[in-house]
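# Mind looking at a prediction? Sequence and model below.
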Amino acid sequence: MKFDEKLQRIVNKNNSLLCVGLDIDREKMPKFLFKDKKEPYFEFNKSIINSTKDVVCAYKLNLAFYEVLGKKGIELLEKTINYIPENIVIILDGKRNDISNTARMYAKSLFEIFKADAVTINPYFGFDGIKPFLEYKEKCSFVLCRTSNQSANDFQDIKSDNIPLYQIVANKIKNWNVNKNCGAVVGATYIDELRIIREILGEDIPLLIPGIGIQGGDIEKTVKFGTNKKGNMAIINSSRGIIFAGKDKNFSERARTAALYLRDEIKKFR
């Protein structure tokens, strides 16, 4: 099944554009897990998944939060991926890329070994660093276009022939999308840029949109400018605002409440 078909099926089933980021962090997780549970991180992820799997279209796992735990973190990553229901999109977020030969190994690792449906990649190497990912025609590669962080403009607003870099990248993404498996990462914290990028990319290229929740992105404007004319082709991510909504033994219920609220807010503006 191609990525866009899998995405649209789960969007329709759960009536949701919400993606929950499973970015585990011991300092923010409920303390009782580390006293009462043999596998606290996995128990945490399982509980979040169980409480939100009917209100999301995707889960995004940022690789840094797993790699920092060493061998156990890689095992945890695999167990978590295997636990996520098959009909829900799995995004591995590592902003990977390198020269073509190394990029090929990154693509193989993320798509074949870890079984991701989609990944995030860095465009800085140009097409030969992107091509190995796009050769996986059933998958989706979300290329960094306009990131959500405050210093994004250090490079992404630099102009060539009066065109900002992020717009040049957006046009490259459109050109690279020959297999219909290319997407763009665009932060909800830059609404004007989000609108422009959607106009450049057209109706059929999906956007992965971080920056809602803790980072303060506007939900209504994000939906208005990030989705296509049918209110689709956007995956709107929230991590900390959902998974760390509760600190006690009711943390999974609090996560569900936060996820439901955000899902319904997004749905209101579709």
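The structure has been received and is ready for your questions. Residues are numbered from 1 along each chain as shown.

# The chain: strands as residue ranges?
According to DSSP state E, the chain carries its strands in the segments 18-21, 58-62, 89-96, 118-121, 140-146, 159-160, 163-164, 182-186, 207-209, 234-238.

# Any figure for the gap between N12 and A255?
Computed as C-beta to C-beta, to the nearest Å, the N12 to A255 distance reads 23 Å. Every residue, glycine included, has its C-beta placed from N, CA and C.

# er, F111 actually
Between F111 and A255 the distance is 28 Å, computed by C-beta to C-beta.

# same question, I173
Distance, I173 to A255, using C-beta to C-beta: 32 Å.

# Now for N175, how many residues are close by?
10 (other C-beta atoms under 10 Å).

# Check what pLDDT it gets.
Note on N175: pLDDT of 97.

# For it, give me its contacts.
Under the criterion of C-beta atoms under 8 Å, 6 or more residues apart in numbering, N175 has no neighbours.

# again, only using 10 Å
Residues in contact with N175 (C-beta atoms under 10 Å, 6 or more residues apart in numbering) are F127, C182.

# Surely R146 touches L194?
Yes: R146 lies in contact with L194 (C-beta atoms under 10 Å); the separation is 7.2 Å.

# Find residues that contact each of these two.
Residues within reach of R146 and of L194 at once, by C-beta under 10 Å, 6+ apart, are A184, V186, G187, L207, I209, G211.

# Could you measure from the fifth one over to I130?
Looking back up the chat, that one is I209. Using C-beta to C-beta, I209 is found at 20 Å from I130.

# So which of the two has more stuff around it?
The neighbour comparison of I209 against I130 (other C-beta under 10 Å) goes to I209, with 28 against 23.

# What's opposite the more buried one in the beta bridge?
Beta bridges link I209 to I236 when assigned by DSSP bridges.

# Please determine how far it is located from C145.
For I209 relative to C145 (C-beta to C-beta), the value is 11 Å.

# shared neighbours of these two, anything?
Shared contacts of I209 and C145 (C-beta under 10 Å, 6+ apart): A184, V185, V186, G187, L194.

# What pLDDT is listed against the first one?
The reference is to A184. Looking at A184, its pLDDT reads 98.

# that older thread, with distance to K37 added, can I get the strands of the chain in CSV?
Formatted as CSV, the strands of the chain follow (distance: least, C-beta to C-beta, whole Å):
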stretch, distance to K37
strand 18-21, 20
strand 58-62, 20
strand 89-96, 24
strand 118-121, 30
strand 140-146, 33
strand 159-160, 52
strand 163-164, 48
strand 182-186, 33
strand 207-209, 31
strand 234-238, 25
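
# hmm, back to that, closest one of the shared contacts of R146 and L194 to F44?
Nearest to F44 out of the shared contacts of R146 and L194 is G211 (C-beta to C-beta; 23.5 Å).

# what's across from the residue nearest to the spatial centre of the chain in the sheet?
Most central in the chain under C-alpha atoms, centre = their mean is K60, positioned 4.8 Å from the mean C-alpha point. Applying DSSP bridges to K60 gives these bridge partners: G21, I91.

# returning to what we had before: of the shared contacts of I209 and C145, just say which sits nearest to D54.
Nearest to D54, judged by C-beta to C-beta, of the shared contacts of I209 and C145 is V185 at 25.9 Å.

# Wait, that closest one touches I209, no?
Yes: using C-beta under 10 Å, V185 is in contact with I209, at 7.9 Å.

# Report the set of residues contacting both of those two.
The contact lists of V185 and I209 share R146, S148, I235, N237, where a contact means C-beta under 10 Å, 6+ apart.

# Is there a neighbour count for the residue nearest to K172 when sequence neighbours are not counted? I'd like the number.
In this structure, K172 finds its nearest non-sequential neighbour in P123, 6.7 Å apart by C-beta to C-beta, 6 or more residues apart in numbering. Residues near P123, counting by other C-beta under 10 Å, number 20.

# what do you get for E138?
Using other C-beta under 10 Å, E138 is surrounded by 14 other residues.

# Show the backbone phi and psi for it.
phi -90, psi -10 (degrees, to the nearest 10).

# Now do the contacts for L260.
Neighbouring residues of L260 by C-beta under 10 Å, 6+ apart: S16, L18, S51, T52, D54, V55, I242.
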